[in-house]
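K.L.:
Structure of the sequence below:
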Amino acid sequence: MSVPRAAALALALAPWGQAGAAGSDGALLPYPVALNVRWGTGAGSDAFLQDVGRALAGTLSTTCFARVEIVDDLATADGGDLFLEVILTDVWDETIFDDSISNALLPGEPTKELRRVARFAVSVDARLLLRTGGAELRAKRMRADISRRPMVLGEDPQVTARAQAIDRIVSDLTRALCKKRRATEEKIRDALAEAPEVPPPLR
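P.N.:
Model prediction:
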């Protein structure tokens, strides 16, 4: 029985709110959010970065905010009051074999592939900012550290570990941003009221 990459990623890319929304104490907050996910030092793959962005945007737009738009940077955002910056750093992606590498690569006993452990870890620094003035509304730092041994023949433990890391990132950030939704909404309103006025564009 094989486990394709798409199936392994399904857990992470489905809205986390289906399993239990952290911010289930009210309706969606009526604020569009521009989301920028990027690598800092110790970068990993672009594919992982894109998967994190899609999973996080999909979850936040169904459990917390009215709309979440993935952007390359703040300058490319199309309106909205809030900017969510997520920086990923210090990725660790490796597979450890219970057998020696030479024995693990030899053909033979099919259960050899079950005797390996994949580890994927990445640090996350997230900040929810007011676009006008840049006031910080919420912040979360975490490290997703996943170890995965294949459960069935054909499973790629590296793919599964990455998918579980995405699920951990999305669930932890959703809790941080949406658990105290009323308090978050009050903080956003107060920050908007205190934000400096944006001068009109030059004609």
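
K.L.:
switch to C-alpha atoms for all contacts and neighbour counts from now on
P.N.:
Noted.

K.L.:
Look through the chain and tell me its longest helix.
P.N.:
helix 157-178 (DSSP state H).

K.L.:
May I have that one exported as PDB, CA atoms only?
P.N.:
Presented in PDB, the C-alpha positions along helix 157-178 are these (Å, rounded to 0.1, in the frame of the first residue of the first chain):
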ATOM      1  CA  PRO A 157       8.100   9.500   5.900                       C
ATOM      2  CA  GLN A 158       9.800  12.700   4.800                       C
ATOM      3  CA  VAL A 159       6.600  13.800   3.000                       C
ATOM      4  CA  THR A 160       4.500  12.900   6.000                       C
ATOM      5  CA  ALA A 161       6.800  14.700   8.400                       C
ATOM      6  CA  ARG A 162       6.600  17.800   6.300                       C
ATOM      7  CA  ALA A 163       2.800  17.600   6.200                       C
ATOM      8  CA  GLN A 164       2.600  17.200   9.900                       C
ATOM      9  CA  ALA A 165       4.900  20.200  10.400                       C
ATOM     10  CA  ILE A 166       2.500  22.300   8.300                       C
ATOM     11  CA  ASP A 167      -0.400  21.100  10.400                       C
ATOM     12  CA  ARG A 168       1.400  22.000  13.600                       C
ATOM     13  CA  ILE A 169       2.300  25.500  12.300                       C
ATOM     14  CA  VAL A 170      -1.300  26.100  11.100                       C
ATOM     15  CA  SER A 171      -2.900  24.900  14.300                       C
ATOM     16  CA  ASP A 172      -0.500  26.800  16.700                       C
ATOM     17  CA  LEU A 173      -0.800  30.100  14.700                       C
ATOM     18  CA  THR A 174      -4.600  29.800  14.500                       C
ATOM     19  CA  ARG A 175      -4.800  29.400  18.200                       C
ATOM     20  CA  ALA A 176      -2.500  32.400  18.800                       C
ATOM     21  CA  LEU A 177      -4.500  34.600  16.400                       C
ATOM     22  CA  CYS A 178      -8.000  33.500  16.900                       C
END
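
K.L.:
Quick check: mean pLDDT of whatever helix or strand comes next after that helix?
P.N.:
Next helix or strand after helix 157-178 toward the C-terminus (DSSP states H and E): helix 181-194. If you average the pLDDT over helix 181-194, you get 85.

K.L.:
got it, and stretch 59-77?
P.N.:
When pLDDT is averaged along stretch 59-77, the result is 86.

K.L.:
Could you list every helix and strand in contact with the longest helix of the chain?
P.N.:
helix 5-13, helix 46-63, strand 82-97, strand 116-130, strand 136-148 (3 or more C-alpha pairs under 8 Å, 6 or more residues apart in numbering; DSSP states H and E).

K.L.:
out of these, nearest to Lys179?
P.N.:
With C-alpha to C-alpha as the measure, helix 46-63 is the member of these nearest Lys179 (10.1 Å).

K.L.:
What is the neighbour count of Ala66?
P.N.:
Around Ala66 there are 15 other residues, counting by other C-alpha atoms under 10 Å.
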